[in-house]
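Asker: Only the shape, not the letters, is given here:
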């Protein structure tokens, strides 16, 4: 398994199991269960109170999860009647609006663009420094987010990624190994993660993603790895990508240098 330059002091922000906001995790779990149960357009969901108890969250969080699904056209509400599977629910779960055109995110409503894809499109060279690469059991939180059994084999990788020799992002990826066993044997200092997924049997095509980003100051380890010597902030991006079957495929937390990252999105109502 490829490993190099192992670091025992990785940023605490890259060690969390809960890379996505809680409401987004609940939305993904809820829609996964709805799909697994074979729900049809027009089927009524349990009450918000019942769902909140089932997923062990507050009603405020559950309502945020439902509103998130509603924004994606998956469910809809009817006054005094509750929540229902929407007419457009055949569309895979995806970010509301067009996806952003930046490394590691989508470039349209039906695809997710990887870092290497972005570089190739813009004529840039890439390389990576793998900090950590391992196959390990999924935690309960990871299993719920990625819809695998607790303890299922998970491929985890942390690496620094460069564009034209300039460090851009510190990335933490987690993927169910069963979807692409080749992950464990691939040298990701040169290989593209998404290209490896597309070469799996059957192919795993990242189609859509839940994506959020926030700005903050880097911690000391991030500052060192990203070669930040001034007051430059970092942008922390959370992504949960889904394959062509609307199954969670990749959970990523990426810490970008704020001066080397451009987020662009088209927002639709």
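Answerer: Right, received. Where do you want to start? In this text the structure is predicted, and so the values were computed from the model without any measurement.
Asker: and the end-to-end length of stretch 203-211?
Answerer: 23 Å (Cα to Cα, to the nearest Å).
Asker: Quick one: mean pLDDT over it.
Answerer: Taken as a whole, stretch 203-211 carries a mean pLDDT of 87.
Asker: repeat for stretch 135-154
Answerer: For stretch 135-154, mean pLDDT rounds to 93.
Asker: Please point out which parts of that stretch sit buried.
Answerer: Using 16 or more other Cβ atoms under 10 Å as the test for burial, stretch 135-154 gives 138, 142, 143, 144, 145, 146, 147, 148, 153, 154. Heads up, the C-betas are built off the backbone N, CA and C, glycines and all.
Asker: can you tell me which of those are in helices?
Answerer: Among the buried residues of stretch 135-154, the residues falling in helices (DSSP state H) are 142, 143, 144, 145, 146.
Asker: Could I get those in a markdown table, plus columns for distance to residue 166?
Answerer: Converted to a markdown table, these look like this (distance: Cβ to Cβ, whole Å):
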| residue | distance to residue 166 |
| --- | --- |
| 142 | 31 |
| 143 | 36 |
| 144 | 37 |
| 145 | 32 |
| 146 | 32 |
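Asker: related to what we said a few turns ago, adding distance to residue 250, write the buried residues of stretch 135-154 out as CSV.
Answerer: Supplementary listing: those in CSV, determined by distance: Cβ to Cβ, whole Å:
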residue, distance to residue 250
138, 13
142, 12
143, 15
144, 16
145, 11
146, 9
147, 12
148, 13
153, 15
154, 11
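Asker: for these, which one is nearest residue 204?
Answerer: Closest approach between the buried residues of stretch 135-154 and residue 204, by Cβ to Cβ: residue 146, at 12.7 Å.
Asker: residues contacting the nearest residue to the closest one once chain neighbours are set aside?
Answerer: Closest residue in space to residue 146, ignoring its immediate chain neighbours: residue 248 at 4.6 Å, by Cβ to Cβ, 6 or more residues apart in numbering. With contact taken as Cβ atoms under 8 Å, 6 or more residues apart in numbering, residue 248 is in contact with 28, 32, 145, 146, 147, 176, 240, 241, 242.
Asker: how near is residue 248 to residue 32?
Answerer: In this view, residue 248 and residue 32 are 8 Å apart by Cβ to Cβ, to the nearest Å.
Asker: Now list whatever residues contact both of the two.
Answerer: Shared contacts of residue 248 and residue 32, defined by Cβ under 8 Å, 6+ apart, are found at residue 147.
Asker: Need the distance between the two termini of stretch 193-212.
Answerer: End-to-end distance of stretch 193-212: 20 Å, with Cα to Cα as the criterion.
Asker: Please renumber the chain so that the first residue is 713 from this point on.
Answerer: That works, and once the first residue is 713, the last one we named lands at stretch 905-924.
Asker: how about that stretch: buried residues?
Answerer: 905, 906, 908, 909, 916, 917, 918, 919, 920, 921, 922, 923.
Asker: try stretch 925-939
Answerer: Quick answer for stretch 925-939 (16+ other Cβ under 10 Å): 925, 930, 933, 934, 935, 937, 938.
Asker: Brilliant, that's me finished.
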